[in-house]
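>>> model this:
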Amino acid sequence: MDTSQCFIDSYATLTRHGFTPEDVARSMLAAAVNFYQIFEIHQGLPETLRMLADSLEDRHN
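Modelled structure (predicted):
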């Protein structure tokens, strides 16, 4: 099974068990930050997050 699909299935399971999509999304984002820290690649994270934020804003403007 594709890794992305596994994550999506897990998120769907959490929402079926009563967690809001916003709570699941925040937890997923926190897990991603932890991933960057564990593998000591967090120095690039601020720029990556800025690019993602810019991309989201560009799509909605």
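>>> go ahead and confirm Leu14 touches Val24.
Yes - Leu14 is within contact range of Val24, at 5.0 Å (criterion: Cβ atoms under 8 Å). Placement of C-beta: from N, CA and C, glycine included.
>>> in terms of helices and strands, where is the most centrally placed residue in the chain?
By Cα atoms, centre = their mean, the mean C-alpha position of the chain lies nearest to Leu29, the distance being 3.6 Å. Taking DSSP states H and E as the criterion, Leu29 maps to helix 21-38.
>>> chain center to that helix, what's the gap?
Here helix 21-38 shows a centroid-to-chain-centroid distance of 5 Å under the convention Cα atoms, centre = their mean, to the nearest Å.
>>> quick check: next helix or strand after that helix?
helix 45-60.
>>> I'd like the average pLDDT over that next one.
In this model, helix 45-60 carries a mean pLDDT of 92.
>>> do the same with stretch 17-25
95.
>>> how far does it stretch from one end to the other?
Distance between the boundary residues of stretch 17-25 (Cα to Cα, to the nearest Å) amounts to 15 Å.
>>> buried ones in it, by neighbour count?
Val24 (16 or more other Cβ atoms under 10 Å).
>>> got the contact list for that stretch?
The contact list for stretch 17-25, computed with Cβ atoms under 8 Å, 6 or more residues apart in numbering, reads 11, 14-15.
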